[in-house]
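**Student:** below: sequence and its predicted model.
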Amino acid sequence: MSPNPPQLDQTLQRLWQHLARLAAYLLILVEQSGPGAHPSWIRPSLLAAEALTRRLLMLEVRALGPLRPHPARAAPSNQTTRLATACPTPSKRGFQLTEPIASLRAGFWIEGQKKGHFGPRPQPRILEILDAHLPKSEPDKTTRSNKVAERLHALLAIIDDTAAATRRLARRMAPQAGETALIRKRSPLRAGHPPGARSAQVPDWLRDGLAVVTVELRAPPPLQS
């Protein structure tokens with residue numbers, strides 16, 4: 001039995017359904033447009049949908065109750081690591097359970113560069129201005145993968161199997177027992193606004209869902225009966 005109020009459970013269930021429909025709709029648009037040619041509003045919607053998925057998983061982890069610390073484990077063998085590296089799960093590897101934290105350099109603006117781009121950017125090279133026979137680059141024959149489509153496939157895989165994703169997140173969040181004391185792991189969510197929440201291109205229900213879930217995560221966990 002869920003410790004959440006029935007009205008909250010219904011709201012969370014509707015958010016899961018809306019996320020599945022949004023991810024399926026975005027996947028159709030991305031696969032039809034091809035890599036690098038999809039509309040600009042898809043990226044903020046995808047960021048907000050991934051952020052809402054992480055926060056919904058956090059609520060499910062909180063419903064599990066207090067997390068017990070993991071015992072200290074030895075380093076995995078080379079054979080286990082090699083098998084895990086050689087056979088990744090293609091449907092879920094594109095979904096990140098943790099949100100990246102902006103570096104300190106991201107807070108400084110470099111003169112002469114556009115907003116949203118930090119650090120040195122590649123500049124075009126002028127070989128010979130007066131030369132009429134400039135070398136021409138060969139057409140790119142490399143097949144580019146559709147990264148946005150891969151992330152959408154991973155998002156749909158997480159939505160289809162939330163129980164497995166909740167267990168993964170719970171294991172990541174559980175403190176680990178060290179030799180001297182417990183080593184607590186940081187939250188997988190970054191501080192501040194969720195990714196994509198402040199974009200004007202995000203649907204209203206998605207923005208409102210992020211606000212509701214964020215407020216619920218800041219509240220104390222419900223009492224276990």
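**Tutor:** Yep, it's here. Residues are numbered from 1 along each chain as shown.
**Student:** lowest-confidence helix or strand of this protein?
**Tutor:** Scoring the helices and strands of the chain by mean pLDDT, DSSP states H and E places helix 78-86 at the bottom, with a mean of 46.
**Student:** all helices of the chain, in order?
**Tutor:** 6-33, 42-63, 78-86, 147-160, 162-173, 204-218 (DSSP state H).
**Student:** mean pLDDT lowest where, among the ones you listed?
**Tutor:** Out of the helices of the chain, helix 78-86 stands lowest, with a mean of 46 (criterion: mean pLDDT).
**Student:** out of the helices of the chain, flag the one nearest Leu189.
**Tutor:** helix 42-63 (6.3 Å; CB to CB). From N, CA and C alone the C-beta is placed, and that goes for glycine too.
**Student:** re earlier: just put the helices of the chain in JSON lines and tack on distance to Gln96.
**Tutor:** Formatted as JSON lines, those follow (distance: least, CB to CB, whole Å):
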{"stretch": "helix 6-33", "distance to Gln96": "15"}
{"stretch": "helix 42-63", "distance to Gln96": "7"}
{"stretch": "helix 78-86", "distance to Gln96": "17"}
{"stretch": "helix 147-160", "distance to Gln96": "9"}
{"stretch": "helix 162-173", "distance to Gln96": "11"}
{"stretch": "helix 204-218", "distance to Gln96": "17"}
